[in-house]
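**Q** How does the following fold in three dimensions:
(one chain, ligands or ions: 1)
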Amino acid sequence: MRSENPVTTVLLPKDGAAPGAVAVAHPNIALIKYWGKRDERLVLPWTDSLSMTLDVFPTTTHVRLDPAGGQDTVLLNGAPAAGEALRRITVFLDLVREMAGSARRAVVDTRNTVPTGAGLASSASGFAALALAAAAAYGLAPDATALSRLARRGSGSASRSIFGGFALWHAGPGTGADADACSYAEPVSSGGLDPALVIAVVNAGPKAVSSREAMRRTVGTSPLFRPWAAASKDDLADMRAALGRGDLEAVGEIAERNALGMHATMLAARPAVRYLSPATVTVLDRVLRLRAEGVLAYATMDAGPNVKVLCRRADSERVAAAVRDAAPQGSVLIAGPGPGARLLSEPA
Ligand code: PMV
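**A** Numbers count the residues shown, from 1 in each chain. Okay, here's the model as predicted:
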């Protein structure tokens, strides 16, 4: 397993330009899900979660301080950000400014290679890259734990994308500032596992309900939420043991039951949140048949209809072909464990 810790340095201005920093981060897919906040402002989750960072779909983010600007300027994939996306990034930059004791506005240029808002964790790679680049641009030098806590404030799952390979995000105890200090991710080792995640993008469009709203509704109204959160504790303990012994079959079984349980909590919310589509179910059926054919293949789904199938790297081509066959309208790609967030040496 690769686990690269981020290094924070401030890039010097070139030719009189404002200082800037460029960071790259990859999305992660949770095998034990984060679903539900106990504190929305501080982004403190109800439960611990555990994920694999991917080696595909990086986000690259350039942050520089604006010498003149009265407000932050944000470009998302080359287009000016507006509305909720701009608000979330500005609120995040306010937090970085507060930590740095600075009032200067920033120019942010962020490029995703993953479809935004389709349950493919674009917010994880996005806020991990933004946390690292913004911290560097404002002259902060957080260690990996502090950086994970900072990324968490942008999007919970981003706390895990700071690290490569497998990462465990501790929910941490309590409330308020003490809890804030205790809720961060750290790398976990994976006992020589050589996994792949076959990603079936059955629909790359944005989701109808944001994960933020879906979590809020689930925590507030679903009678299945608390039982799932309790079961997720046991799932995490079992997952850590399975990962430690490199037992892909157990890792897959636990990941699949945890994800299906998470979707059950939202189906029971009032009104229900249903991200799974007919194409999702077709892929899930194919995964079951793969297992009947003797291939270790296990599904997980996030806040969207797309399916990620965990398997041995050696089986990934076969699994990808089967999934492609089952969902010919979609696109399928194979991901492996990827690196943690890092700064690039030169501004783009
Ligand atoms: O970090 P957010 O707010 O995008 O929430 C992501 C939640 C899930 O992807 C559904 C699960 C997870 O742990 O990543």
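**Q** Give me the next element, helix or strand, following the helix-or-strand element of the chain with minimal mean pLDDT.
**A** Every helix and strand of the chain was ranked by mean pLDDT, DSSP states H and E. The lowest is helix 176-182, at a mean of 91. Remark: after helix 176-182, the chain's next helix or strand is strand 185-188, criterion DSSP states H and E.
**Q** just checking, what packs against that following strand?
**A** helix 144-154, strand 166-169 (3 or more CB pairs under 8 Å, 6 or more residues apart in numbering; DSSP states H and E). C-betas here are computed from N, CA, C, even on glycine.
**Q** In TSV, list those along with mean neighbour count and distance to the ligand.
**A** Shown next, in TSV, are these (neighbours: other CB atoms under 10 Å; distance: least, CB to the nearest ligand atom, whole Å):
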stretch	mean neighbour count	distance to the ligand
helix 144-154	24	9
strand 166-169	25	8
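**Q** among those, which is nearest M52?
**A** strand 166-169 (5.5 Å; CB to CB).
**Q** What residue in the stretch 201-348 of the chain comes nearest to the ligand?
**A** D302 (3.7 Å; CB to the nearest ligand atom).
**Q** Can you get me a residue count around P67?
**A** Each residue near P67 was counted by other CB atoms under 10 Å, and the total is 10.
**Q** pretty sure R160 contacts E186?
**A** No - using CB atoms under 8 Å, R160 makes no contact with E186, being 9.3 Å away.
**Q** that older thread, could you report the distance from the residue of the stretch 201-348 of the chain closest to the ligand to N258?
**A** Going from D302 to N258 by CB to CB, to the nearest Å gives 12 Å.
**Q** Find the residues that touch each one of these two.
**A** K33 (CB atoms under 8 Å, 6 or more residues apart in numbering).
**Q** For the least confident helix or strand of the chain, name the packing helices and strands.
**A** So helix 176-182, by 3+ CB pairs under 8 Å, 6+ apart, packs with no helix or strand.
**Q** For the ligand, what is the nearest residue in the stretch 101-250 of the chain?
**A** S157 (3.3 Å).
**Q** can you pull the pLDDT of that residue?
**A** Confidence at S157, expressed as pLDDT, is 97.
**Q** Please apply the same query to K37.
**A** 97.
**Q** Just read off the phi/psi values of it.
**A** Main-chain dihedrals, K37, degrees, to the nearest 10: phi -110, psi 140.
**Q** correct me, but it touches R153?
**A** No - here K37 does not reach R153: they are 11.6 Å apart, not a contact under CB under 8 Å.
**Q** Comparing R160 and E186, which shows the higher neighbour count?
**A** More crowded of R160 and E186, by other CB under 10 Å: R160, with 32 against 16.
**Q** Next, the more buried one: phi, psi?
**A** Dihedral angles (degrees, to the nearest 10) for R160: phi -80, psi -30.
**Q** repeat for P45
**A** Torsion angles, degrees, to the nearest 10, at P45: phi -80, psi 170.
**Q** likewise the one 4 residues further on?
**A** The phi and psi values for S49, taken as degrees, to the nearest 10, are phi -140, psi 160.
**Q** mind listing the helices for the stretch 201-348 of the chain?
**A** Residue ranges of the helices in the stretch 201-348 of the chain, as given by DSSP state H, counting those that start in this stretch, are 211-221, 225-244, 248-267, 278-292, 316-326.
**Q** possible to save those as a markdown table with distance to the ligand and mean neighbour count?
**A** Formatted as a markdown table, the helices of the stretch 201-348 of the chain follow (distance: least, CB to the nearest ligand atom, whole Å; neighbours: other CB atoms under 10 Å):
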| stretch | distance to the ligand | mean neighbour count |
| --- | --- | --- |
| helix 211-221 | 4 | 18 |
| helix 225-244 | 10 | 18 |
| helix 248-267 | 7 | 21 |
| helix 278-292 | 14 | 17 |
| helix 316-326 | 20 | 18 |
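**Q** can you redo these as CSV with mean pLDDT?
**A** Listed next are the helices of the stretch 201-348 of the chain as CSV, based on pLDDT from 0 to 100:
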stretch, mean pLDDT
helix 211-221, 97
helix 225-244, 98
helix 248-267, 98
helix 278-292, 97
helix 316-326, 98
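**Q** Identify whichever of these lies nearest to V332.
**A** helix 316-326 (4.7 Å).
**Q** neighbouring contacts of the closest one?
**A** Against helix 316-326 from outside (CB under 8 Å, 6+ apart): 196, 198, 200, 282-283, 285-287, 289-290, 295, 297, 307, 309, 311, 330, 332-334.
**Q** let's see 6 Å
**A** 196, 198, 200, 282-283, 286, 290, 297, 309, 311, 332, 334 (CB atoms under 6 Å, 6 or more residues apart in numbering).
**Q** From the chain's centroid, how far away is it?
**A** 24 Å (CA atoms, centre = their mean, to the nearest Å).
**Q** again with stretch 127-143
**A** Worked out by CA atoms, centre = their mean, stretch 127-143 lies 17 Å from the chain centre.
**Q** For it, buried residues please.
**A** 127-138, 140, 142 (16 or more other CB atoms under 10 Å).
**Q** can that stretch be found next to the ligand?
**A** No - Stretch 127-143 lies apart from the ligand when judged by CB under 6 Å from any ligand atom; the minimum separation is 7.9 Å.
**Q** any idea of the mean pLDDT in that stretch?
**A** For stretch 127-143, the per-residue pLDDT averages 97.
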